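Q: what would the 3D arrangement of this be:
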Amino acid sequence: MATERHWTLPVAWAIGLVLILLVDAYIAWRMFATSCPAPWFPEFMVLVLVPGIYLVLMYLTLASRHLRGRGS
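A: Next comes the predicted model:
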């Protein structure tokens, strides 16, 4: 029988944060080490804004799920 796994809020958020940091590091390396001339705003969006918004939305989703009693 399959068991359902519930992630706690800090564990799920930490996993997401680690994945975002790894992808961010790779993208930053590709932009800067390979001399990819990009304007400052797209670099800011790709490296800071989009991952930051994703982390906030992920936190709010997991927090609301945890508060409703679905998380463990």
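
Q: quick one: classify Ser35 as helix, strand or coil.
A: Three-state call for Ser35 (DSSP: H, G, I helix; E, B strand; the rest coil): coil.

Q: what sits against it?
A: Listed by C-beta atoms under 8 Å, 6 or more residues apart in numbering, Ser35 has no contact partners. Any C-beta I mention is one placed from the backbone N, CA and C, and that applies to glycine too.

Q: Leu55 versus that one, what's the distance?
A: 29 Å (C-beta to C-beta, to the nearest Å).

Q: cool, Ala12 as well?
A: Separation of Ala12 from Leu55 (C-beta to C-beta): 11 Å.

Q: these two: who's more crowded?
A: Remark: of Ala12 and Leu55, Ala12 carries more neighbours, 18 against 14, as counted by other C-beta atoms under 10 Å.

Q: helix or strand for the spatially closest residue to the more buried one that is not a sequence neighbour, which one?
A: Using C-beta to C-beta, 6 or more residues apart in numbering and skipping residues adjacent in sequence, the residue nearest Ala12 is Leu62, 5.5 Å away. Element membership of Leu62 [criterion: DSSP states H and E] is helix 50-67.

Q: who does that helix touch, helix- and strand-wise?
A: Of the remaining helices and strands, those touching helix 50-67 by 3 or more C-beta pairs under 8 Å, 6 or more residues apart in numbering; DSSP states H and E are helix 9-33.

Q: what residues of the following helix or strand past the helix it packs on count as buried?
A: Toward the C-terminus, helix 9-33 is succeeded by helix 40-44 as the next helix or strand (DSSP H and E). By neighbour count on 16 or more other C-beta atoms under 10 Å, the buried set for helix 40-44 is Glu43.

Q: got a list of contacts for helix 40-44?
A: Met31.

Q: alpha carbons of stretch 31-40, as CSV, please.
A: What follows is stretch 31-40 as a C-alpha-only set of coordinates in CSV (Å, rounded to 0.1, in the frame of the first residue of the first chain):
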residue,chain,number,x,y,z
MET,A,31,26.3,34.8,-18.0
PHE,A,32,29.6,36.0,-16.6
ALA,A,33,32.2,33.4,-17.4
THR,A,34,31.1,33.0,-21.0
SER,A,35,31.0,36.7,-21.6
CYS,A,36,27.3,36.8,-22.3
PRO,A,37,26.6,40.5,-22.7
ALA,A,38,23.2,41.0,-21.1
PRO,A,39,21.8,44.3,-19.8
TRP,A,40,21.5,44.7,-16.1
